[in-house]
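A.B. asks: What follows is a protein structure lacking sequence information:
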């Protein structure tokens, strides 16, 4: 197993290199010179040169030890992303500061959606063809058809503004549990439809199997059959879905954070896009890619833990 | 218990499936009984309702669309059709156990065989994990699995088909049920393994004194192992008899056809005779006797085409549902229809 993990880690090197190459091409080559933007139109030629020297833009693009691309690689590996162009703060500090609020929103949202949709999916799959199943599927399709934005707008307008159950907007004095409640709730409700339908299909595939009949023939209760025998067999598609969603938790929720003013990574990303702050966007893309690669590996390891038929060859 | 040594008696059981295409009457008016310590075989082609009968006894017919619409299943003095789900759970796997056709898919692939057997023992006998585990190892030894200490920790995919079926049997008999329902237990196995599995069942039957309801389409197995036989055709029992009598003198034309289609030692026939036609679909049963379109006698008979014969005891211990069965003439119902349609000549003498 250790050999397998090491080999997989080695495979990630070309992937990460590819990500860095693409981000470099996008933000440093295609996007062009942003000296004007930083210096302002009235800046003198000397100021421009100073800025270009500070960011290293006077150096060759590729083929040199001190080239821009080589520095890009070096900075990425050491997680030193430099300073933001807009407010000159260290990007890594920005990311660290945003991660907390983001995770405090996305983790409860993610866990809530997961637990509710899997439990409901098991029950609905067991009652397939029953009126409960039909109604739930209809509601799911309806939920999937309504845009995410309308959940946010209606939730914020009615639950927070009109009825005053939740705070409308983030406020530094509020405890995380307080300001996260409504956006998390909205996220759960909006995500339920698609997730529930996915897990229902997964469970239906399992519930038709012979071993389910055997489990019932043993005299087990419906709950034990569903939540032990069926659920463990359904773990492969669930793990794929779940573990690969985790990297996105770190990146935060762009819309929810924006609407509720939560100073997380999604908010940071939107601000950076608005300000054409390429350094920040590039750093976030890189962090996202690294997380994705790592969790991909974790997924594969989890497969072996839940299904004895899968082995590391 | 009373009931003249009967462990299970099924009376007028009907199980229907309510589908969008219509009502599929998968089991109609089926009655039979299983003796204590005896083996009752339910024989018939695929789709004739054998498995649904077995699932009805376990109350495991998927509902909806299936439903036991009428009848009684008397087991150890209790009517199973009237029991609540909770009481039924105490019977399943404990007093009545079941093994299935495909051991590979019937075992849960992600749990060790040991944990699957121990689960039943813990559930029904309330033993703690350690004692249940010890029992499990003992059960595996009993069903003839070598090196049970090792095997108990294995997963189903690490075993052969015969071994998996042994595990299924170990799971089924772990709580010493008084009835074991074996639904085509050897169909998916090699011929050599088949005999081993059936021997094992017989041996366990003698040790525990349990009864077996054997569901099969293999008449060879029935001849060797069964005490009593019910022949099912198109969701009804058409002939019910003690096994030896059935094989020496089959009374129903369908049973006769089945027996003729068996290969026999010493006879060199180039082709075995077959029963022409197909088993009718439950949604599309013919009127009258359901066998008449395939029957050499009843094909052109008005009575066979319009009135379905009931299962009647024509001789001591022999029940048949056929207007042409010998001694059926003594039946009151027969007389009623004889006056209406007349006594029909045997086709064989006609042509």
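C.D. replies: In hand now; what should we look at? This structure is a prediction, so every number in the text was calculated from the model and none was measured. Residues are numbered from 1 along each chain as shown, chains lettered A, B, ... in the order given.
A.B. asks: residue contacts, whichever residue of the stretch 1-150 of chain A sits closest to chain B?
C.D. replies: The minimum distance from the stretch 1-150 of chain A to chain B, using C-beta to the nearest C-beta, falls at residue A:129 (6.1 Å). Where C-beta positions appear, they are placed from N, C-alpha and C, glycine not excepted. If you count contacts by C-beta atoms under 8 Å, 6 or more residues apart in numbering or on different chains, residue A:129 has them with B:64-65.
A.B. asks: now it: how far from residue B:64?
C.D. replies: Noted for residue A:129: a distance of 6 Å to residue B:64, by C-beta to C-beta, to the nearest Å.
A.B. asks: now check stretch B:108-127, is it near chain A?
C.D. replies: Yes - counting by C-beta under 8 Å from any C-beta of the partner chain, chain A has neighbours in stretch B:108-127: B:108-112, B:119-120, B:123-124.
A.B. asks: does the lengthiest helix in chain A come close to chain B?
C.D. replies: Longest helix in chain A by number of residues (criterion: DSSP state H): helix A:91-126. No - Helix A:91-126 does not reach chain B (C-beta under 8 Å from any C-beta); its nearest approach is 10.4 Å.
A.B. asks: quick one: buried residues of that helix?
C.D. replies: Neighbour-count burial for helix A:91-126 flags A:91-92, A:94-95, A:98-99, A:101-106, A:108-110, A:112-114, A:116-118, A:120-126 (criterion: 16 or more other C-beta atoms under 10 Å in any protein chain shown).
A.B. asks: same check, this time on stretch B:78-87
C.D. replies: B:80-81, B:83.
A.B. asks: Report the rounded mean pLDDT for that stretch.
C.D. replies: Computed over stretch B:78-87, the mean pLDDT rounds to 89.
A.B. asks: So which residues make contact with that stretch?
C.D. replies: B:57, B:59, B:68, B:71-74, B:88, B:91.
A.B. asks: Try it again at 6 Å.
C.D. replies: For stretch B:78-87, the surrounding residues in contact (C-beta atoms under 6 Å, 6 or more residues apart in numbering or on different chains) are B:68, B:72-73.
A.B. asks: Select from those every entry located in strands.
C.D. replies: Among those, the residues falling in strands (DSSP state E) are B:68, B:72-73.
A.B. asks: Check the residues you listed against residue B:158 and report the nearest one.
C.D. replies: Closest approach between those and residue B:158, by C-beta to C-beta: residue B:73, at 37.7 Å.
A.B. asks: quick one, what contacts the closest one?
C.D. replies: Here residue B:73 is in contact with B:10, B:57, B:80-81 (C-beta under 6 Å, 6+ apart).
A.B. asks: Name whatever forms a beta bridge with it.
C.D. replies: Beta-bridge pairing of residue B:73 under DSSP bridges involves residue B:10.
A.B. asks: Tell me the predicted confidence for it.
C.D. replies: At residue B:73, pLDDT is 92.
A.B. asks: lowest confidence element among the helices and strands of chain A?
C.D. replies: Least confident helix or strand of chain A, by mean pLDDT, DSSP states H and E, is helix A:35-39 with a mean of 71.
A.B. asks: The closest residue to residue B:253 other than its chain neighbours and chain A: what is the separation?
C.D. replies: Leaving aside its sequence neighbours, residue B:253 sits nearest to residue B:295 (C-beta to C-beta, 6 or more residues apart in numbering or on different chains; 5.0 Å). From residue B:295 across to chain A, the span is 35 Å (C-beta to the nearest C-beta, to the nearest Å).
A.B. asks: what's around residue B:295, how many residues?
C.D. replies: Counted by other C-beta atoms under 10 Å in any protein chain shown, the residues lying close to residue B:295 total 24.
A.B. asks: Got the phi and psi for it?
C.D. replies: For residue B:295, the backbone dihedrals are phi -90, psi 130 (criterion: degrees, to the nearest 10).
A.B. asks: and the stretch 151-300 of chain B, which residues reach chain A?
C.D. replies: Within the stretch 151-300 of chain B, the residues that sit near chain A (C-beta under 6 Å from any C-beta of the partner chain) are B:155, B:157.
A.B. asks: at 8 Å instead, please
C.D. replies: Contact residues, the stretch 151-300 of chain B versus chain A (C-beta under 8 Å from any C-beta): B:155, B:157, B:168, B:171.
A.B. asks: I'd like those residues as TSV, with pLDDT, secondary structure and neighbour count appended.
C.D. replies: Listed next are these as TSV, based on pLDDT from 0 to 100; DSSP: H, G, I helix; E, B strand; the rest coil; neighbours: other C-beta atoms under 10 Å in any protein chain shown:
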residue	pLDDT	secondary structure	neighbour count
B:155	92	coil	19
B:157	91	helix	13
B:168	91	helix	28
B:171	91	helix	29
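A.B. asks: Which of the helices or strands spans residue B:181?
C.D. replies: Here residue B:181 sits within strand B:179-183, counting by DSSP states H and E.
A.B. asks: tell me the centre residue of chain A?
C.D. replies: When chain A is reduced to its mean C-alpha position, the closest residue under C-alpha atoms, centre = their mean turns out to be residue A:248, at 0.8 Å.
A.B. asks: wait, what's in contact with that residue?
C.D. replies: A:106, A:288.
A.B. asks: Pull out the buried residues from stretch A:59-79.
C.D. replies: A:68-73, A:75-76.
A.B. asks: what does stretch B:185-202 give?
C.D. replies: B:185-189, B:193-194, B:196-198, B:200-201.
A.B. asks: quick check, nearest of the residues you listed to chain A?
C.D. replies: For the buried residues of stretch B:185-202, the nearest to chain A is residue B:188 (11.0 Å; C-beta to the nearest C-beta).
A.B. asks: Excluding chain neighbours, what is closest to residue B:275?
C.D. replies: Spatial nearest neighbour of residue B:275, excluding adjacent residues (C-beta to C-beta, 6+ apart): residue B:257 at 4.1 Å.
A.B. asks: Validate this expectation: the one you found resides in a strand.
C.D. replies: No - with DSSP: H, G, I helix; E, B strand; the rest coil as the criterion, residue B:257 is helix rather than part of a strand.
A.B. asks: just to revisit the earlier point, so the residue of the stretch 1-150 of chain A closest to chain B, which of the three states?
C.D. replies: coil.
A.B. asks: how about the residues of chain A near chain B?
C.D. replies: With C-beta under 8 Å from any C-beta as the criterion, chain A comes near chain B at residues A:129-130, A:209-211, A:213-221, A:229, A:232-233, A:235, A:306-309.
A.B. asks: What subset of those is buried?
C.D. replies: In those, burial by neighbour count holds for A:209-211, A:213-220, A:229, A:232-233, A:235, A:307-308, counting by 16+ other C-beta under 10 Å.
A.B. asks: what bits of chain B have low per-residue confidence?
C.D. replies: Scanning chain B for pLDDT under 70 picks out B:1-4, B:267-270, B:328-331, B:342-351.
A.B. asks: any idea which helix or strand comes after the longest helix along it?
C.D. replies: Longest helix of chain B, by residue count under DSSP H: helix B:191-208. As assigned by DSSP H and E, the chain's next helix or strand after helix B:191-208 is strand B:211-216.
A.B. asks: who does that next one pair up with?
C.D. replies: With DSSP bridges as the test, strand B:211-216 is paired with strand B:39-43 (parallel), strand B:179-183 (parallel).
A.B. asks: Serialize the ones you listed to a markdown table and add fields for mean neighbour count and distance to residue A:81.
C.D. replies: Listed next are those as a markdown table, based on neighbours: other C-beta atoms under 10 Å in any protein chain shown; distance: least, C-beta to C-beta, whole Å:
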| stretch | mean neighbour count | distance to residue A:81 |
| --- | --- | --- |
| strand B:39-43 | 25 | 74 |
| strand B:179-183 | 25 | 65 |
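A.B. asks: Residue A:255: which of the ones you listed is closest?
C.D. replies: Ranking the strands paired with strand B:211-216 by proximity to residue A:255 (C-beta to C-beta) places strand B:179-183 first, at 54.6 Å.
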